[in-house]
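Asks: sequence plus predicted model, see below.
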Amino acid sequence: MIKKLFAAIAICSLLFICVVGCNSSKQAIAISDEEQKAFQQVEGDTIEISSDKTEYEIIIIEPGFNYWLLSVARPEGYYSQSFLEARNQIWVISWNQRVLQPNQFNPNLYELQIDYRPDIDYGYEVNYKLYNYFVYFQRKYRQRLGTFTPRL
């Protein structure tokens, strides 16, 4: 009798953990009206990410990103460069893996690999804009490039 009761409690506990764990990972990201306005832009933005100190640049052609960057994203200086670099490294690896798997991930979203190397100092501006593009991309297209929710 005690063994059956213990087994029933263990099963209920396991089910509870699974239900709570599954629900917490699927929480909807709150999208503000301003952010929704950026996501609905249809006119193409072209953003050039470069640094005067380095020879590296990224060109992003994404409707609404510039509007989002100016109206929704945290201002430059909010995050440290080391924080931005750490997130960018994780997200670039995930991005590049998805580019190489067009049967599993939408090739219209993941078109080109990003050549981002951790041994190169790209400067604050490049890391800031790349980080924010990843946040914008994940929020707009409801993608997850890492284990953490992209935050504003």
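Replies: Noted; the coordinates are in hand. Quick caveat: nothing in here was measured; it's all calculated off a predicted structure.
Asks: could you use CA atoms for every contact and neighbour count after this?
Replies: Fine.
Asks: strands along this structure, start to end?
Replies: Here the chain has its strands, by DSSP state E, at 46-50, 57-61.
Asks: reformat these as JSON lines; add distance to Val92, mean pLDDT and mean neighbour count.
Replies: Formatted as JSON lines, the strands of the chain follow (distance: least, Cα to Cα, whole Å; pLDDT from 0 to 100; neighbours: other Cα atoms under 10 Å):
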{"stretch": "strand 46-50", "distance to Val92": "15", "mean pLDDT": "72", "mean neighbour count": "15"}
{"stretch": "strand 57-61", "distance to Val92": "13", "mean pLDDT": "80", "mean neighbour count": "14"}
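Asks: reformat those as TSV; add distance to Gln138.
Replies: Formatted as TSV, those follow (distance: least, Cα to Cα, whole Å):
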stretch	distance to Gln138
strand 46-50	18
strand 57-61	15
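Asks: the closest residue to Pro150 other than its chain neighbours and Arg74, how far apart?
Replies: Leaving aside its sequence neighbours, Pro150 sits nearest to Val135 (Cα to Cα, 6 or more residues apart in numbering; 5.4 Å). Per Cα to Cα, to the nearest Å, Val135 is found 11 Å from Arg74.
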